[in-house]
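Novice: Okay, predicted coordinates and the sequence, questions at the end:
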Amino acid sequence: MQSHDRGATWQSINLHNIAPVRLNAVTVVDNFAWAVGNAGEILMTGDGGRTWSIQQSNVDIALNDVKFINAREGWAIGVQGTLLHTTDGGVHWRIESIQGSHPLERLFLLDQNHAWAVGLGGTILKFGDQSPPRLKTAN
């Protein structure tokens, strides 16, 4: 769905060559947006939502959240402790290694050096551009 009047009305978007998917989260930076879904789907638009394309996540598991710092650098998280990172707007997604396999549910990004993911089992993951992901599991 897309709105041109700040949500007063909504119109369906025809995603011509994209099979129906369940989308779990979306993030917006200027005219760019990314949405993640249940089988590793990452959809991207660079024209304010008029057209969408599929990006290759290199995973086939549910992605639960996605956030971008700017139009180039972003992170996506999902089940099995999945953490993905891109520095080119999602043209290439890199799987980041973490110690843990609890599903990651939500992301919060302050800037390139201050980012957190939270998940099941009390999982809190601190990461950023200048440091490898560090996992802390709350008891």
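Specialist: Nice, I can see it.
Novice: Please count neighbours and contacts with C-alpha atoms only from this point.
Specialist: OK.
Novice: Next, the buried residues of stretch 107-123.
Specialist: 107, 108, 109, 112, 115, 116, 117, 118, 119, 123 (16 or more other Cα atoms under 10 Å).
Novice: Pick the one among the residues you listed closest to residue 91.
Specialist: Proximity of the buried residues of stretch 107-123 to residue 91 (Cα to Cα) peaks at residue 112, which lies at 18.6 Å.
Novice: how much space between the closest one and residue 43?
Specialist: Using Cα to Cα, to the nearest Å, residue 112 is found at 22 Å from residue 43.
Novice: so the residue nearest the centre of the chain bridges to which residues?
Specialist: Central residue of the chain (Cα atoms, centre = their mean): residue 66, 1.9 Å from the mean position. Taking DSSP bridges as the rule, residue 66 bridges to residue 76.
Novice: For it, give me its contacts.
Specialist: Residue 66 makes contact with 25, 26, 27, 34, 35, 36, 74, 75, 76, 77, 107, according to Cα atoms under 8 Å, 6 or more residues apart in numbering.
Novice: Which residues does the fifth one form beta bridges with?
Specialist: Bridge pairing for residue 35 (DSSP bridges) gives the partners residue 26, residue 43.
Novice: Hmm, it is touching residue 24, no?
Specialist: Yes: counting by Cα atoms under 8 Å, residue 35 touches residue 24, with 7.4 Å between them.
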